[in-house]
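[1] This is the structure alone, sequence omitted:
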């Protein structure tokens, strides 16, 4: 079992500014090696907290998270580092999560060098270049530009994705990784992730977009105010949502295919 | 009717060493919108949508070069003085700028924001301003009791609705909305666009909505424009554009989205 989350509850203690918050309540999720799942929910539903629990950055109030067979709350030091190295993480904020002073190429090579050492630098550079090329930002002028200068949000997100894939993780945790992409680039990124999944990588894909969720993984989990309200196959949620929240979500989803009087008829395109 | 003819917009570019070079954000664009209908301008980020929208009430930054004409019922807005434009802004053409929901003054209640506009622009007495405030909040789909709240006490969707109420304050003929639902949840988005749509239908305002979200834009408008790199590349009803996109760029965009919606 790659991931086994059991009855996970997370309470954030009260602070000066806010009351105590229950971010997740009684959430369970199991993933075998090679399986992927999309987590769907609106802002405040607990999606990001769930990701942060899996990477061991948030400690469960009750329940447990077992990653690669190890209880993450009990792992510490070297052991925790080793668990985390087997995971790639794409944070939802490509502005705060990339080292601003490095060049794009250095930012992608950094995890490689930290883990494999300076002597592996050349292989790291080859891998990083190939990844950035695959993600459509392999031009020399982009590779050599500093992250904090002249990169759009969408480009930063692609740098973050390259950085998360450079060590070939067994599990990729992505938090809204394509939120700043244009529709066509988003499709390219999903195909790149799909290729990794076909090669055996597991992925947890967090999004508020049900269509995107279905594209990223066949399995899905809908979170609403910290609770898992719907679980199963994404295509089933879209076709026949069960929970009132999922029903409202599906009903509110704008569909290009039904714009105007377009009734879904195909004209061969 | 607002007719834009051969509009080009060129910004002076900021570099780390100060101003140098130029960016041509809009290239020779022509389009017309009528009152009582909802038009949407879609395109990727950086395609020039917001520049077109901001050019209408003359709100582009100083030093921006604008050529071409923007005709409001035949009157060329690009030739007007700041004073003449001020007489039109808010009263005839109201703008909901990008990120409007984050632009409230934190120390004023929502009601005070509205009363201030009614006082400054229409000279309403305190009492009639208060009555009008209730009415405006109602039109934007908010409860009148929210007038006494401060911006931080409102959700993102409520703040966006308050921005709509603010734009409606002087009973404008035209409403220009820049990404009015971006960063809101899908269900909240739907509620906001339904409110915008009903303003067009019941009050007869003309609306130009800018959005990078093509499915959302296509779901509400009666006519759709698509921009790419400063140029208008597609124009038609949503159905026409979805079924028969003429331009290769919009065809690629439409197909990428339809592929996402299609179940494999």
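    Ah, there it is. All values derive from a computational prediction rather than experimental measurement.
[2] C-alpha from now on. contacts and neighbour counts both.
    Fine.
[3] Find the residue at the geometric middle of the chain.
    Going with chain A. By C-alpha atoms, centre = their mean, chain A has its centre lying nearest to residue A:174, at 1.0 Å.
[4] Switch to chain B, please.
    Note on chain B: the residue nearest the mean C-alpha position is residue B:177, at 1.6 Å, using C-alpha atoms, centre = their mean.
[5] where do the helices sit along chain A?
    Ranges of helices in chain A, per DSSP state H, are A:47-54, A:77-85, A:104-116, A:121-134, A:140-143, A:153-165, A:183-198, A:210-216, A:234-239, A:244-252.
[6] Show me what the shortest one is in contact with.
    When you say that, I think you mean helix A:140-143. If you take C-alpha atoms under 8 Å, 6 or more residues apart in numbering or on different chains as the criterion, helix A:140-143 is touched by A:103-105, A:137.
[7] can you pull up the bridge partners for the nearest residue to residue B:98 once chain neighbours are set aside?
    Once flanking residues are discounted, residue B:98 sits nearest to residue B:178: 4.9 Å by C-alpha to C-alpha, 6 or more residues apart in numbering or on different chains. Bridge pairing for residue B:178 (DSSP bridges) gives the partners residue B:210.
[8] Confirm for me that residue B:178 is in contact with residue B:210.
    Yes: counting by C-alpha atoms under 8 Å, residue B:178 touches residue B:210, with 4.8 Å between them.
[9] Of those two, which one has the most company?
    residue B:210 (26 against 23; other C-alpha atoms under 10 Å in any protein chain shown).
[10] Please verify my assumption that that one contacts residue B:49.
    Yes: between residue B:210 and residue B:49 there is a contact at 6.4 Å, judged by C-alpha under 8 Å.
[11] hey, what's in contact with both of the two?
    Counting by C-alpha under 8 Å, 6+ apart, the contacts common to residue B:210 and residue B:49 are B:41-42.
[12] Now the common contact residues for residue B:178 and residue B:210.
    Contact criterion C-alpha under 8 Å, 6+ apart; residues shared by residue B:178 and residue B:210: B:50, B:53.
[13] can you tell me the helix or strand for the residue of the stretch 101-250 of chain B found nearest chain A?
    Chain A sits closest to residue B:215 of the stretch 101-250 of chain B, with a gap of 4.5 Å, by C-alpha to the nearest C-alpha. Residue B:215 belongs to helix B:214-220 when elements are defined using DSSP states H and E.
[14] got the residue ranges for the helices in the stretch 101-250 of chain B?
    B:110-122, B:126-139, B:156-168, B:186-203, B:214-220, B:238-243, B:248-261 (DSSP state H, counting those that start in this stretch).
[15] confidence score at the one residue in the stretch 1-150 of chain A that gets nearest to chain B?
    In the stretch 1-150 of chain A, the residue that lies nearest chain B is residue A:42 (5.7 Å; C-alpha to the nearest C-alpha). Reported pLDDT at residue A:42 in the predicted model: 89.
[16] I'd assumed residue B:41 was in a strand, is it?
    Yes: Residue B:41: assigned to a strand according to DSSP: H, G, I helix; E, B strand; the rest coil.
[17] is it true that it touches residue B:224?
    Yes: contact criterion C-alpha under 8 Å: residue B:41 and residue B:224 qualify, at 6.1 Å.
[18] wait, what's in contact with whatever residue of chain A ends up closest to chain B?
    Nearest residue of chain A to chain B (C-alpha to the nearest C-alpha) works out as residue A:256 at 4.5 Å. Residues in contact with residue A:256 (C-alpha under 8 Å, 6+ apart) are B:214-216, B:218-219, B:242, B:254, B:257-258, B:261.
[19] right, and out of those, which lies closest to residue B:163?
    residue B:216 (19.5 Å; C-alpha to C-alpha).
[20] got a list of what the nearest residue to that closest one once chain neighbours are set aside touches?
    When the adjacent residues along the chain are set aside, residue B:216 lies closest to residue A:254, with 5.3 Å between them (C-alpha to C-alpha, 6+ apart). Residues near residue A:254 by C-alpha under 8 Å, 6+ apart: B:215-216, B:219.
[21] want to try CSV for these, with distance to residue B:91 and pLDDT as columns?
    Below are the contacts of residue A:254 laid out as CSV (distance: C-alpha to C-alpha, whole Å; pLDDT from 0 to 100):
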residue, distance to residue B:91, pLDDT
B:215, 31, 93
B:216, 28, 94
B:219, 28, 93
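[22] Show me which of those are buried.
    Among these, those classed as buried by 16 or more other C-alpha atoms under 10 Å in any protein chain shown are B:215-216, B:219.
[23] Quick one: check the lowest-mean-pLDDT helix or strand in chain B for contact with chain A.
    The weakest-scoring helix or strand in chain B, judged by mean pLDDT, DSSP states H and E, is strand B:18-33 (a mean of 84). No: under the criterion of C-alpha under 8 Å from any C-alpha of the partner chain, strand B:18-33 makes no contact with chain A; the nearest approach is 14.5 Å.
[24] partners of that strand, with directions?
    Using DSSP bridges, strand B:18-33 pairs in its sheet with strand B:2-15 (antiparallel).
[25] Buried residues in the strand it pairs with, which are they?
    Neighbour counts over strand B:2-15 (16+ other C-alpha under 10 Å) mark B:2-5, B:7-12 as buried.
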